[in-house]
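S.K.: sequence and computational prediction follow.
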Amino acid sequence: MKGLSRALTGIIVFLVCWQILSFFISRVIIPVPSETLGLLGEHLTNPRMLEAALQTAWKVGLALVLVLLLGIIAGLFLGISEAFYEMFRPIIMFIQAVPVVSWLTLVIFAWGVGWRGPVFITFVSLLPTAVLTTVSGMRNLDKDLLEMARVYRVPFNKVFHYIYWGSLLPFIAAIIDVTIGQAWKVVLVSEYLAGGSGLGVEIFNARMVVDSAGAWSVTLMACILGITTERLVKYLLRRMSKRWGPA
Amino acid sequence: MGASIELKGIYKDFAGLRVLENWDLVISPSERIVILGLSGSGKTTFLRLLAGIEAPTRGQLEVNSQKIGFVFQEPRLIPWRTIRQNLLFVNDRANIDALLNSLHLEEFSDYYPSQLSGGMKQRVNLARALAVSPDLLIMDEAFASLDLKVKVDIMNDVMRLWQQHRFTMVSVTHDLKEALYLADRILLISSRPARIIQQFPVDLSEPRIFSSPELLSLEGDLLRLVCQD
């Protein structure tokens, strides 16, 4: 209860600061909070905006599934073999260093404007995090446990299920934790620049008609969705980790 | 029936460092062997050869065993699995309840390793080794970190289970009393490179008692041998 009242106080302080700033700075740069929040309320009941939110959400979901699936599989292979890791590390570093705008050029030439661009850009932006975190997990495997399994001649599928999966779970949780927040941001940027539909496109449309309140209301909507999914996933991860017993 | 083991001229080197030198040894089925030597002399290396974790550099090693149970020095339990699951990991057809009962662990089957004391974890380590119904039980200083009462209790359990199952037992220690309590034969080994320098038969009646005059007298003899070396 104390935490909630503190959070509410924080929100009120933020709104007051926003209101004060909007008195002194042009509305084009900082819109009035009441107007922005009013628009947000309208968006939440507007079928077009809800459709846009859904469009963004499924792109985030698809990109995250691909990042987790391929990132973890690649991380497992690179974690098993040092030679593989040394061979592929420069490629991962390169992917990590390429800016979003460069990927954008590539996807516009390849697919034009549409859903594939945002999904691809989000995927390549987050893949290195997933791969490198899984490699760290593999390197943290308890060698004594693996040796024990070898002595008892436990089949590999069982070793994977009992030892590898259990050891990697905190690292997979960390990947989800880090990537989920970023995924929303990258999808929005990609939609803004090359998306056919979604909240990013709505921000772009608002910008085109110099509608700052419109752009910020859509941004708030994306923030609410992002924070809600992040909280939900963290809650599910906590429940999942409880199933695996105390550390 | 326990496993039989035969070593002929076994050498083991690690990166040019000789650890075991010219080991010749025959261990009969159901025999209880204890290796006694200083820390770092190569005792654990010998056990790792028996378990197939390491291969000898030179020589002939024959371990006629179907199932090996290994009681590690540290319990090596899977932290995110319950005690029951840890035992099922090595053998999902084992009679876990009977095993837990025989080692006084029945109340703890759904506990996680972090919820157990050191002694309890070591009991689980032993239970896991027995879950595979071993014909060869290897123990690597399994009782070193335990307090006396827990140590004696677990050793009593081991001896009781040996009476029932008659597996071959090979263990290492640097505790003379523990060696005399567990062994039919004690092998004294030199410091590195480890060689067998003396074989010491332990002819004590069963069940053995820690404070019996016979055991204490043998301890004196063994101590003299160790000090001579």
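M.R.: Cool, the structure landed.

S.K.: from now on I want contacts and neighbour counts done on CA atoms only, so please keep to that.
M.R.: Will do.

S.K.: and for residue 132, nearest residue in space, chain neighbours not counted?
M.R.: Here I'm looking at chain A. residue A:75 (6.4 Å; CA to CA, 6 or more residues apart in numbering or on different chains).

S.K.: that's the other chain; I wanted chain B
M.R.: Counting by CA to CA, 6+ apart, residue B:132 lies nearest to residue B:91, which is 5.8 Å off, once chain neighbours are set aside.

S.K.: next, count neighbours for residue A:94.
M.R.: Residues near residue A:94, counting by other CA atoms under 10 Å in any protein chain shown, number 11.

S.K.: and it, what element?
M.R.: With elements taken from DSSP states H and E, the one containing residue A:94 is helix A:82-97.

S.K.: ok, residue A:35 next?
M.R.: helix A:33-43.

S.K.: now do residue B:13
M.R.: strand B:4-14.

S.K.: can you name the element that comes right after that strand?
M.R.: strand B:17-27.

S.K.: quick one: that following strand to strand B:4-14, angle?
M.R.: Counting by axes from the mean of the first three to the mean of the last three CA atoms, to 10 degrees, strand B:17-27 points 180 degrees away from the direction of strand B:4-14.

S.K.: what's residue A:78 sitting at in phi/psi?
M.R.: The phi/psi pair for residue A:78 (degrees, to the nearest 10) reads phi -70, psi -30.

S.K.: so who does it touch?
M.R.: Applying CA atoms under 8 Å, 6 or more residues apart in numbering or on different chains, we find residue A:78 in contact with A:84, A:85, A:88, A:135.

S.K.: helices and strands around the helix or strand bottoming out on mean pLDDT in chain B, which ones?
M.R.: Between all helices and strands in chain B, the lowest mean by mean pLDDT, DSSP states H and E belongs to helix B:213-228, at a mean of 81. In terms of contacts (3 or more CA pairs under 8 Å, 6 or more residues apart in numbering or on different chains; DSSP states H and E), helix B:213-228 is packed against helix B:176-182.

S.K.: residues of the helix it packs on that come out buried?
M.R.: Within helix B:176-182, the residues that qualify as buried by neighbour count (16 or more other CA atoms under 10 Å in any protein chain shown) are B:176, B:177, B:178, B:179, B:180, B:181, B:182.

S.K.: roughly how far does residue B:144 sit from residue B:72?
M.R.: Using CA to CA, to the nearest Å, residue B:144 is found at 11 Å from residue B:72.

S.K.: more neighbours: the two, which one.
M.R.: Ranked by neighbour count (other CA under 10 Å), residue B:144 and residue B:72 place residue B:72 first, with 20 against 15.

S.K.: how about the more buried one: what's its closest non-neighbour residue?
M.R.: For residue B:72, ignoring the flanking residues on the chain, the nearest one in space by CA to CA, 6+ apart is residue B:140 at 5.3 Å.

S.K.: quickly list what that neighbour is bridged to.
M.R.: Under DSSP bridges, the beta-bridge partners of residue B:140 are residue B:172.

S.K.: quick one: common contacting residues for residue B:144 and residue B:72?
M.R.: Common neighbours of residue B:144 and residue B:72, counting by CA under 8 Å, 6+ apart, are absent.

S.K.: near chain A, which residues of chain B show up?
M.R.: Applying CA under 8 Å from any CA of the partner chain, we find that chain B lies next to chain A at B:51-53, B:67-70, B:76-82, B:89-90, B:112, B:114.

S.K.: can we see that at 6 Å?
M.R.: Counting by CA under 6 Å from any CA of the partner chain, chain B comes close to chain A at B:76, B:80.

S.K.: for chain A, what is the nearest residue in chain B?
M.R.: Proximity of chain B to chain A (CA to the nearest CA) peaks at residue B:80, 5.2 Å away.

S.K.: any stretches of the chain with poor pLDDT?
M.R.: If you meant another chain, say so; for now it's chain A. Along chain A, segments meeting pLDDT under 70 span A:242-247.

S.K.: meant chain B actually
M.R.: Confidence mapping of chain B against pLDDT under 70 gives the ranges B:229.

S.K.: and the strands in it?
M.R.: Applying DSSP state E to chain B gives strands spanning B:4-14, B:17-27, B:32-36, B:58-64, B:68-71, B:136-140, B:168-173, B:185-189, B:196-201.

S.K.: now the ones you listed in a markdown table, with mean neighbour count?
M.R.: Converted to a markdown table, those look like this (neighbours: other CA atoms under 10 Å in any protein chain shown):
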| stretch | mean neighbour count |
| --- | --- |
| strand B:4-14 | 18 |
| strand B:17-27 | 17 |
| strand B:32-36 | 25 |
| strand B:58-64 | 15 |
| strand B:68-71 | 26 |
| strand B:136-140 | 26 |
| strand B:168-173 | 24 |
| strand B:185-189 | 22 |
| strand B:196-201 | 15 |
